[in-house]
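Asker: What shape does this take:
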Amino acid sequence: MASLRDIKTKIKAVKNIKQITQAMKMVAAARLRRVQMRVTAGKPYSEKMRQLVGTLGRAAGQIEHPLLQQREGGAIGFVLITSDKGLCGSYNGNIIRRGSNFVKEHQDRGVKMITIGKKGSDFFRRRGYDIHAAFAQIGVAATMAEVATIADALTGFFLDGTVNEVYIGYTEFVTTIQQRPTIRKFLPIEPPQSAAAAPREGEIEYLFEPPAEQLLATLLPRYVNSQVYQMLLECVASEFGARMTAMSNATENAGELVKTLELTYNKARQASITKELLEVVSGAEALRAAG
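Answerer: Predicted coordinates:
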């Protein structure tokens, strides 16, 4: 059985850990509120861009643009978004496992990767995968210039013919306690409505100035940036939500462990006192008997 000093040292250590996990939970909660505001604010813009690209595609008929070009076969580009840090529960493990399965399923075509976040980059580098480019995770206050750098890398190896399709693996933010690992096809862009589809009944037809082709050439890069930005923000929100939940559970477990250790300490202390009393009584009885 551990000594009283050992148990007391463990109690102190667990209490210190509890303070750290409680602080990390509060920090994650504060940052989650900030990024949630950005995710909520960015969704209407992202949805409107989808609608605009779809409306423009239907109104303009068949438009040729490099980001819309469908190519058969060839290598696949896979972009994996993880975090730079751990201590966020199963957040990184879930998306890395999903991404690893995706890569294995398409290894016959050849997969070239772009990683965003140190955890994913380290995982696939150690296993010898072909990593085309690696980026650090963006912060809560990331600018569109930082996002554009990542978006340019995603579109760059598609436009230069290195890969014929690009998929993105990210974690969709559902709620604070629920995050959904997701893989979606990103390039070539497939507008919500087919460019060749006829206008729906009762739908307004638009005339464009400048021509629709010119508008699309300007809008598609903005569309790409907005979608990348939204996915990156959802990943950051998912990370903070997962970290807040993990640290909350860790704090509760530490509290339970402290209670258990304190009970063990009290039992050991009581047993020690009882033993000392028995020794005193036994000694007194021995002296009385000798006298």
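Asker: quick one: residue 16 from residue 2, how far?
Answerer: 18 Å (CB to CB, to the nearest Å). In short, each C-beta sits where N, CA and C put it, glycine included.
Asker: same question but for residue 50, I mixed them up
Answerer: Applying CB to CB to residue 50 and residue 2 gives a distance of 62 Å.
Asker: ranges for the helices of the stretch 101-250 of the chain?
Answerer: 118-126, 144-159, 212-290 (DSSP state H, counting those that start in this stretch).
Asker: counting contacts, what elements does the shortest one pack onto?
Answerer: The one in question is helix 118-126. Contacts defined by 3 or more CB pairs under 8 Å, 6 or more residues apart in numbering; DSSP states H and E place helix 118-126 against strand 76-81, helix 91-105, strand 111-116, strand 131-135.
Asker: Of all the ones you listed, which one comes closest to residue 207?
Answerer: Evaluated with CB to CB, these place strand 76-81 nearest to residue 207, the distance being 36.7 Å.
Asker: what's next to the closest one, contact-wise?
Answerer: Contacting residues not belonging to strand 76-81 are listed as 95-96, 99, 102-103, 106, 109-117, 120, 124, 132, 137, 154, 157-158, 162-171, 186-187, 231-232, 235 [CB atoms under 8 Å, 6 or more residues apart in numbering].
Asker: which among the residues you listed end up buried?
Answerer: 95-96, 99, 102-103, 111-117, 120, 124, 132, 137, 154, 157-158, 163-171, 186-187, 231-232, 235 (16 or more other CB atoms under 10 Å).
Asker: who touches the residue lying closest to residue 46 once chain neighbours are set aside in this structure?
Answerer: Sequence neighbours aside, residue 230 is the residue nearest to residue 46 in space, at 4.6 Å (criterion: CB to CB, 6 or more residues apart in numbering). Taking CB under 8 Å, 6+ apart, we find residue 230 in contact with 39, 42-43, 46.
Asker: where are the low-confidence patches of the stretch 1-150 of the chain?
Answerer: For the stretch 1-150 of the chain, the stretches with pLDDT under 70 are 1, 54-63.
Asker: So for residue 259, which of the helices and strands packed on helix 118-126 sits nearest?
Answerer: Closest of the helices and strands packed on helix 118-126 to residue 259 is helix 91-105, at 28.8 Å (criterion: CB to CB).
Asker: Centre of the chain to that closest one, how far?
Answerer: From the chain centre to the centre of helix 91-105 is a distance of 12 Å (CA atoms, centre = their mean, to the nearest Å).
Asker: Can you dump the C-alpha atoms of it in CSV for me?
Answerer: Taking C-alpha atoms only, helix 91-105 is exported to CSV below (Å, rounded to 0.1, in the frame of the first residue of the first chain):
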residue,chain,number,x,y,z
TYR,A,91,-11.0,15.3,-33.4
ASN,A,92,-7.7,14.5,-35.3
GLY,A,93,-8.0,10.8,-35.0
ASN,A,94,-11.4,10.7,-36.7
ILE,A,95,-10.5,12.7,-39.7
ILE,A,96,-7.1,11.1,-40.1
ARG,A,97,-8.6,7.7,-40.0
ARG,A,98,-11.2,8.8,-42.6
GLY,A,99,-8.6,10.3,-44.8
SER,A,100,-6.3,7.3,-44.5
ASN,A,101,-9.1,5.0,-45.7
PHE,A,102,-9.8,7.3,-48.6
VAL,A,103,-6.2,7.3,-49.7
LYS,A,104,-6.0,3.5,-49.5
GLU,A,105,-9.2,3.2,-51.6
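Asker: by contact count, what packs against it?
Answerer: For helix 91-105, the packing partners by 3+ CB pairs under 8 Å, 6+ apart come out as strand 76-81, helix 118-126, strand 165-175, strand 178-187, helix 212-290.
Asker: deepest of the ones you listed, which one?
Answerer: strand 76-81 (a mean of 26; mean count of other CB atoms under 10 Å).
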